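Let me see the structure of the following:
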Amino acid sequence: MDTKSIKLFVLAADLLNIGAAGNRLGFSPAVASARLAKLELEVGADLFHRSTRKVTLSIEGAEFLPFAREIIAQEEASLAALGRRNPQVSGTLRFAASSTFAERYIAPILPEFLEKYPDLNLELKLSDSQINLIEGGFDLALRNYAVEDSSLIGRRLFADKRILCASPDYLNQHSAIKTPEDLEDQQLLLFMNTKPRKLSASDGKRACTFPPNKAKHRVICDNGSAMRLLAKAGAGICMSSIWNVHTEIQSGSLVRVLPEYFIDDNAAVWLVYPKSNVITPKVRVFIDFLVDKLSYLSD
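A predicted model of the protein is given here:
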């Protein structure tokens, strides 16, 4: 199977444009179409649905795509091992991460990475909602929960300690909160699809559940930055990662609620990538960069 045609397929799948993919690889539109047609004959399936308006992946094409990426990764790794690959990293790296975390910690350091690797491009998918790494064709993702999918590998970066907090104005206008039971009479800001979490005291002798069963779920959203801003504006009490609110805690615009308690779920921030016999050079350098630059957040 011709790896150049497989590279063409992967690029066409990313761009959803066969002509543009061929142009990047130095093929004319006619040659690119002919190569893909030959590849489809070899695999015995139509990889794309083609019309005069657009190109879309077929079901078979979507199923073949992760294997095609693996073939390319294996080729790059084998050539590098033999000293036949240019050590300069190039290509496009597809990275998924929490929009809230990326806004505060990743976006500010990306110019340094891009300057260090001028031939490497980044495609970012930033969302606080869960993304399927394999189906989305991503090379790497940052997540704040442990890896449960057997098709993925994870590298733990640091503990994701979470606390309860609210604005001083909110706390001044509502009844005092001295015990977890007092949360039942408060307005809570909750992350969408949040499951009940164990709320433990620092002394290890007291524990309960957050959110309480009878609590008022005043706002539910799917974005950590919006949750932080809502809390600062006095909308209610939120559960948030310390990395998301530490600046506001230091400035006093947010105050810890029940400061002797914390969310006890052993959460951590992970770098996650598809299981493979090799890690491509572009993924390796980005992992090393993030580990180095984010080391100050480690516990």
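
tell me what the lowest-mean-pLDDT helix or strand in the chain is packed against?
Using mean pLDDT, DSSP states H and E, the weakest-scoring helix or strand in the chain turns out to be helix 59-81, at a mean of 81. Helices and strands touching helix 59-81, by 3 or more C-beta pairs under 8 Å, 6 or more residues apart in numbering; DSSP states H and E, are helix 3-15, helix 281-293. Heads up, the C-betas are built off the backbone N, CA and C, glycines and all.

who wins for proximity to residue 59 among those helices?
For residue 59, the closest of the helices and strands packed on helix 59-81 is helix 3-15, at 12.9 Å, according to C-beta to C-beta.

for the closest one, the distance to its chain's centre please.
Offset of helix 3-15 from its chain centre (C-alpha atoms, centre = their mean, to the nearest Å): 24 Å.

Can you list the buried residues in that helix?
Within helix 3-15, the residues that qualify as buried are 5-14, counting by 16 or more other C-beta atoms under 10 Å.

Let's test this: mean pLDDT of it, rounded?
Helix 3-15 shows a mean pLDDT of 90.

Who are the packing partners of the next helix or strand after that helix?
Per DSSP states H and E, helix 3-15 leads on to helix 18-24 as the next helix or strand towards the C-terminus. Using 3+ C-beta pairs under 8 Å, 6+ apart, the elements in contact with helix 18-24 are helix 3-15, helix 29-43.

run the last query once more with 10 Å
Identification of packing neighbours for helix 18-24 by 3 or more C-beta pairs under 10 Å, 6 or more residues apart in numbering; DSSP states H and E yields helix 3-15, helix 29-43, strand 55-57.

Could I get the full set of helices for the stretch 51-200 of the chain?
Applying DSSP state H, counting those that start in this stretch to the stretch 51-200 of the chain gives helices spanning 59-81, 99-101, 110-116, 168-173.

Tell me which of these sits nearest to residue 136.
Residue 136 sits nearest to helix 59-81 of all the helices of the stretch 51-200 of the chain, at 10.2 Å, using C-beta to C-beta.

Now that closest one: buried residues?
The neighbour-count check on helix 59-81 (16+ other C-beta under 10 Å) flags 61, 64-66, 68-73, 75-77 as buried.

hang on, the earlier thing: now the helices of the stretch 51-200 of the chain as TSV including distance to residue 201?
Listed next are these as TSV, based on distance: least, C-beta to C-beta, whole Å:
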stretch	distance to residue 201
helix 59-81	45
helix 99-101	27
helix 110-116	39
helix 168-173	20
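
Angles on the backbone of residue 90, please.
Per-residue torsions, residue 90: phi -150, psi 170 (degrees, to the nearest 10).

Excluding chain neighbours, give the residue nearest to it in space.
Nearest non-adjacent residue to residue 90, counting by C-beta to C-beta, 6 or more residues apart in numbering: residue 119, 3.8 Å away.

do the same with residue 281
residue 89 (5.0 Å).

wouldn't the one you found be in contact with residue 122 here?
No. Taking contacts as C-beta atoms under 10 Å, residue 89 lies outside contact range of residue 122: 11.7 Å.
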